[in-house]
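> sequence plus predicted model, see below.
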Amino acid sequence: MRKRYLIFVFIVLLVPITSEAQCAMCRAVLESGGNNSTAEGINNGIVYLMAIPYILVAGLFYFVYKKMRH
């Protein structure tokens, strides 16, 4: 049990390193060229990736609310 916990903590600690690297890559792509369609595509992708977890959590809360009311 303790070994699983340590592995989980190790994986969670690695996630911020990966996400920071990705942000630097996106920024480099946007700064390197004058192509506005690339910047617009990346911005749309960020909004899409940001919206999905909120929609899923809202759906979960709605489902729990309906179950608690019934």
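Arrived safely.
> low-confidence stretches in this protein?
Low-confidence segments of the chain, defined by pLDDT under 70, are located at 15-23, 35.
> now do the helices in it.
For the chain, helices defined by DSSP state H occupy the ranges 2-32, 36-69.
> okay if I get the ones you listed as a markdown table plus mean neighbour count?
Just so you know, the C-beta spots here come from the backbone N, C-alpha and C atoms, and that holds for glycine as well. Shown next, in a markdown table, are those (neighbours: other Cβ atoms under 10 Å):
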| stretch | mean neighbour count |
| --- | --- |
| helix 2-32 | 10 |
| helix 36-69 | 10 |
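> with just CA atoms, put stretch 37-44 into PDB.
Listed in PDB are the C-alpha atoms of stretch 37-44, where the atom choice follows Å, rounded to 0.1, in the frame of the first residue of the first chain:
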ATOM      1  CA  SER A  37      -4.100  31.500 -37.800                       C
ATOM      2  CA  THR A  38      -1.600  29.400 -35.800                       C
ATOM      3  CA  ALA A  39      -2.100  31.600 -32.800                       C
ATOM      4  CA  GLU A  40      -5.900  31.500 -33.200                       C
ATOM      5  CA  GLY A  41      -5.700  27.700 -33.400                       C
ATOM      6  CA  ILE A  42      -3.700  27.300 -30.300                       C
ATOM      7  CA  ASN A  43      -6.000  29.700 -28.400                       C
ATOM      8  CA  ASN A  44      -9.100  27.700 -29.600                       C
END
